[in-house]
Structures are given as structure tokens and as C-alpha cells.
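Trainee: missing the sequence, but the structure's below:
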């Protein structure tokens with residue numbers, strides 16, 4: 001979006017210092033078509049669910065290697081989104097994937113619990129290989 005655009009846009013963010021400061025406010029003042037709103041102050045809901053995904057995206061995918069091109073970045077983000085939506089079982093969703101919950105797929109609790117334990121063991125093995133300076137997990 002540029003300052004010539006006529007489409008009105010609402011930019012929603014949290015009240016973190018990196019977002020709610022004079023530099024950010026001054027930056028957005030130059031765009032007449034962007035209205036900045038703060039979660040849980042200006043609007044009653046939070047953006048915490050997407051913030052959690054953004055944290056996973058950064059630390060599990062983007063910060064691990066040097067990204068050499070836009071194409072590589074696009075592929076990495078697409079992979080992260082697919083993995084999150086279709087394979088990542090979330091405790092907040094009672095061990096289901098976002099895809100399963102969104103599509104009303106009933107949970108197979110026994111199968112989920114088995115996969116949950118397998119996933120925990122896999123994460124532990126991966127962590128032992130990738131995190132330096134740890135002798136035990």
C-alpha cells in the first residue's frame with residue numbers, strides 16, 4: 001500500500017513497545033488510508049493466535065538459515081503454513097490440527113495420543129541434534 005492508495009485499511013497490532021511508539025505512529029501518519037488499531041485496547045479481541053504462529057515461523061523456519069531469494073522465502077513460508085495447518089497437533093486444540101478443527105473432523109483420541117507421544121519423542125531427538133551445549137533433555 002502506498003500513500004496514493006484510496007482503499008481504507010485497518011492495521012491491527014498489539015501494544016508491545018516495538019509497535020506502540022512514536023516512530024510507528026509517525027510512520028503511519030503519512031498514509032491517510034491506514035488506520036492503526038491496538039488489540040484489546042481499540043478492539044475487544046487479541047491477535048495472540050497469529051502471533052504464536054509468527055513466532056514459530058521465525059524461530060523454527062526463517063532464523064535457522066540464510067534465505068537467499070524471494071522464491072526460497074516463499075517456499076519456506078508455504079511449507080511452514082502447510083505443516084502448521086495439516087501436521088502440527090496443538091494442545092489448545094486437544095491434539096488436533098487446525099485443518100481437522102476447521103473442517104469438523106472428529107478426533108480419534110487414542111490415535112492422537114499415540115501420535116502426540118511419538119511427536120514429543122521426535123522433538124526431543126531433533127533438539128539433541130540441533131541445540132548445542134546441552135548434555136541432557
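Mentor: Structure received. If you're wondering where the values come from, they're calculated on a predicted model, not measured in any experiment.
Trainee: what about the spatially most central residue of the chain, distance to residue 39?
Mentor: Centroid check for the chain by Cα atoms, centre = their mean gives residue 53 as the closest residue, at 1.5 Å. In this view, residue 53 and residue 39 are 15 Å apart by Cβ to Cβ, to the nearest Å. Placement of C-beta: from N, CA and C, glycine included.
Trainee: again, but for residue 64
Mentor: From residue 64 to residue 39 the distance is 28 Å (Cβ to Cβ).
Trainee: those two: who's more crowded?
Mentor: residue 39 (17 against 11; other Cβ atoms under 10 Å).
Trainee: surely the more buried one meets residue 16?
Mentor: No: if you go by Cβ atoms under 8 Å, residue 39 and residue 16 don't touch, sitting 10.0 Å apart.
Trainee: list the contacts for the nearest residue to residue 47 once chain neighbours are set aside?
Mentor: Nearest residue to residue 47, sequence neighbours excluded (Cβ to Cβ, 6 or more residues apart in numbering): residue 39, at 5.0 Å. The contact partners of residue 39, by Cβ atoms under 8 Å, 6 or more residues apart in numbering, come to 12, 13, 14, 15, 45, 46, 47.
Trainee: run through the bridge partners of residue 39.
Mentor: Beta-bridge pairing of residue 39 under DSSP bridges involves residue 43.
Trainee: check the gap between it and residue 28 for me.
Mentor: Residue 39 is 16 Å from residue 28, by Cβ to Cβ.
Trainee: before we move on, what about residue 16?
Mentor: Per Cβ to Cβ, residue 16 is found 15 Å from residue 28.
Trainee: same question for residue 93.
Mentor: According to Cβ to Cβ, residue 93 and residue 28 sit 34 Å apart.
Trainee: no further queries at this time; thank you.
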